[in-house]
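# This is a predicted model, with the sequence first.
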Amino acid sequence: MSKTSLSQSKPDNLPKPKINWAKVEEAERFAEMVKLFRQGKINRDDFRRFRLQNGAYGSRMTDDYSMIRIKIPAGEVYPEQLEKIAELSESFSIGNAHVSTRQNFQLHWVALEDVSEVMRGLSEVGLTSREACGNSIRNVMCSPLAGICPDEIFDPTPYAIATARFLLRNPMNQSLPRKFKINFTCCEKHGMARIADIGLIPYKVEVNGKLQNGFKIFLGGGLGAQSFVAHQLEEFTPEEDLLYTIISVVRVYDRMGNRENMARNRMRYLVNEIGWEKFQNIVLKERAVVRATQSVVIKLEVDKTPEVLRKVSISSELPSHPQGFSRWIKSNVMKQKQPGYSVAFLTLESGDVTANQLRVIADLARDFSAEGRIRNGFAQDIVFRWVRDEDLPKLYAGLLEVGLANPGSLTMASVIGCSGTTSCNLALTNSHRLAKEVQRKFLELKLDEDDDLRSSTIKISGCPNSCGQHEIATIGFYGGGGRLGKDMYPLYTMQLGGRADEKAMLGLTCMKVPAKRVMPTILKIVEIFKSEKRDGETLDSWVHRVIDGNGGPNVKSLNDIKESLKSAVVAPTIDQDKDFYVDYGNDGSYHARTGRGECAA
Amino acid sequence: MQILLDQSIKVLDIRKEEDYKQGHIPEAINFPLSNLLADDSPDKVLQYTQSFGIEDETSVVVYDDTFGALASRVAWTLQYIGHEDVSLLDITYGAWRRLGLETSIEMPSLNKKTHSLKLQPQILAAADYLMPAKEKGAVLVDNRERLNFLEHHIPGAINIPYRMLGSHQNILRPKEELKRLIQNRNISTGSEVITYCGSVGTLSGLGYYALKSIGLDNVKLYVRSFKEWKSLDKPIEKQSDANYWDLSAE
């Protein structure tokens, strides 16, 4: 990039964060509380609740380090915020940040004594970690395609932001039975509306001859040790009922949710226990009460001011398309509904990104995104929107320089992996590293270029708790431990056929696969699919056909798949294959070790 | 800057000779860190000091282009042999250039002077000193990066990675920020603190000056650092059962 192009591309109308989510007093208070805790003046449980409410988890096997979860409402991040996160990660974390599956940024292994400094730094750019953990309403998500999706009815972003604003620090949300998740999405296809406590999809109906905006609202979904697909509350929820509905659901959950059994206190269990129809009735009645009693007091402040797009185009042309560009375009870029603009997805590895890469992403957002910011996606990824089609080669070249131009983002080659044993107390296996290894192998084999695999997904969790969302993957895995005689080895349970779209379903358990056999097993499934597929059939549709019992010619059922894979997953003895007994990222033998989980604290 | 260009002040440039030759602060004398590390015995350091024309009362300013860590190691060494008036330039050479300040490719002429040798053992910590001092309440500070610290460190040490100490422009953060970082750790200004890092006392040299700059009087540098500690087969502590390295995107 030449100097002139840089100066031309940095107009002075750079957008600033519209909302300040932060309160610097909370950082000061946190520092005080850490001192009191260290002096033994606050007990461990009280301190833990306080710490979680402020967005700091304990780390694997130690409370002396925290994982700080930075809330990114609707996933929108501005360049100056990215630069601050980069700086904070270098000063106080490990020089890397992590993009979660719920659009947050996470900083790992921050000394407890420095958490307040990170909070203070975040407050300088309007960001907060408040209520990012603990028994509160977590980051309000919104599809990274909202506003640009060809299939959406209207842009839900302003509603997501307004909801997040209403709920943050709201007294109704400070001590729920358990965490609570709200996901807005753009359309039926993109997003996670059916696996959240409250999921929302924009919808429009004709009321008295007039088209009215509203939502399809789904309740009681969620992934975890026991997962459920959500139920639709009603055919159509008009816009003006949005806030009342959210309040009603939260109130019902607050009142009726299980506060005794931590393993069963998410709202989906309540819905399951009392039955959907009863729950639905209670919510609708509650809403009538809320509407009648609160309508004067509260309002959702939806900012619908149209976005002013910046001019970002650059005149200097690249002589030719850089190497790898066409492969990247095919697997990482989608056309927006607005002609002339594209959206580009970055393929990270298990969501990890270095401080230096974050700074480059900030610069590229300034240079190439007409909205002057980025969004974190739903798949541990980062999304550039509003890129002019002719600027794509330059964006690609910029990403290439810092190792961010890997292809495969929108294909099965982009693998989700939760943090696993890298930092999480509950993890049994290093799912984080395994996801990276699978992704590297897939890209090496150029499987991202295979159209049959494009619409499928691979997601890996390090334990049954589903942070890696394995249950909505075409091929999903969750970690555990296996044993042959007295020797333990890392082992995954494989599930097939999960999805989160309008035909949402949870994957069905197929079989157990040792960690060191995960890659060959996936490749074997692809091989079986290739020999069995019908004309034009994709891997995910084939998996569904088999699961539904309509398989064939040879592999007719889930059990048949299992049979074909059996020989590949046999455990050798430790003398035959020592490496089999070692998890990824380790050099010693495998032991399943966990600490106390804090999700439920 | 005017003060720095004052002829009576000796300025030491700790960068490599080839970098120095391409430009340096006017009148700065090149003293690559590798020269010091080749032999950092007090007698040898005294020889260098005298050959640079530094007398007991001469003001010395030291700079580098490695966030102040190499300069810190040299400044500490001069203090150790008894030279009191030594300061770190508060910015790196890179920042000096970005600010558009004057540079030169001229070599200054050197006139050998005499300097006395008055060792200051109270700023040096040796391996055997650490554990007994810790027993008595001294704070051990490891200035390496977080992942290195988690992997292994001296038992009971706390981690203040060197990246925490600097700011965008300056080799050290503003004093009130540094004070807060130390207060957050419940370290009082009266505490004895011993800093160490990976091998030669550079990162921990910066740690040493960061702590001195905010009024901690009793700070020592374990100059042979973790490299020596390991070679002596002393006990080591680590954060086990966690694959933190796999969080790295590089």
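Everything's here; your move.

# Now the element after the top helix by length along chain A, going C-ward?
When every helix of chain A is counted residue by residue (DSSP state H), the longest turns out to be helix A:276-294. Sequence order places helix A:325-332 as the next helix or strand after helix A:276-294, per DSSP states H and E.

# could I have that following helix exported to PDB, CA atoms only?
What follows is helix A:325-332, C-alpha atoms only, in PDB (Å, rounded to 0.1, in the frame of the first residue of the first chain):
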ATOM      1  CA  PHE A 325      -7.200 -14.300  -3.800                       C
ATOM      2  CA  SER A 326      -9.700 -16.200  -5.800                       C
ATOM      3  CA  ARG A 327      -9.800 -19.100  -3.200                       C
ATOM      4  CA  TRP A 328     -10.300 -16.500  -0.400                       C
ATOM      5  CA  ILE A 329     -13.100 -14.700  -2.300                       C
ATOM      6  CA  LYS A 330     -14.900 -18.000  -2.900                       C
ATOM      7  CA  SER A 331     -14.800 -19.100   0.700                       C
ATOM      8  CA  ASN A 332     -14.700 -15.900   2.800                       C
END
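
# and it, how far from the chain's centre?
Per Cα atoms, centre = their mean, to the nearest Å, the displacement of helix A:325-332 from the mean C-alpha position of its chain is 23 Å.

# Also stretch B:12-26?
18 Å.

# Do me a favour and get the end-to-end distance for that stretch?
11 Å (Cα to Cα, to the nearest Å).

# in that stretch, what counts as buried?
B:12-15, B:20, B:24-26 (16 or more other Cβ atoms under 10 Å in any protein chain shown). Just so you know, the C-beta spots here come from the backbone N, C-alpha and C atoms, and that holds for glycine as well.

# what residues does chain B put near chain A?
Counting by Cβ under 8 Å from any Cβ of the partner chain, the residues of chain B close to chain A are B:145-147, B:150, B:158-159, B:161, B:163-164, B:168, B:180-181, B:184-186, B:239-250.

# Restricted to helices, list the residues you listed.
B:146-147, B:150, B:180-181, B:184.

# Save the residues you listed as CSV, and put in neighbour count and pLDDT too.
Converted to CSV, these look like this (neighbours: other Cβ atoms under 10 Å in any protein chain shown; pLDDT from 0 to 100):
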residue, neighbour count, pLDDT
B:Arg146, 24, 96
B:Leu147, 19, 96
B:Leu150, 21, 96
B:Arg180, 18, 96
B:Leu181, 22, 97
B:Asn184, 21, 95
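
# With distance to B:His115 added, can I get the residues you listed in JSON lines?
Below are these laid out as JSON lines (distance: Cβ to Cβ, whole Å):
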{"residue": "B:Arg146", "distance to B:His115": "40"}
{"residue": "B:Leu147", "distance to B:His115": "41"}
{"residue": "B:Leu150", "distance to B:His115": "43"}
{"residue": "B:Arg180", "distance to B:His115": "38"}
{"residue": "B:Leu181", "distance to B:His115": "36"}
{"residue": "B:Asn184", "distance to B:His115": "40"}
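
# re earlier: which residues are contacting the longest helix of chain A?
A:219-220, A:231, A:233-234, A:241, A:244-245, A:247-249, A:251-252, A:256, A:270-271, A:274 (Cβ atoms under 8 Å, 6 or more residues apart in numbering or on different chains).
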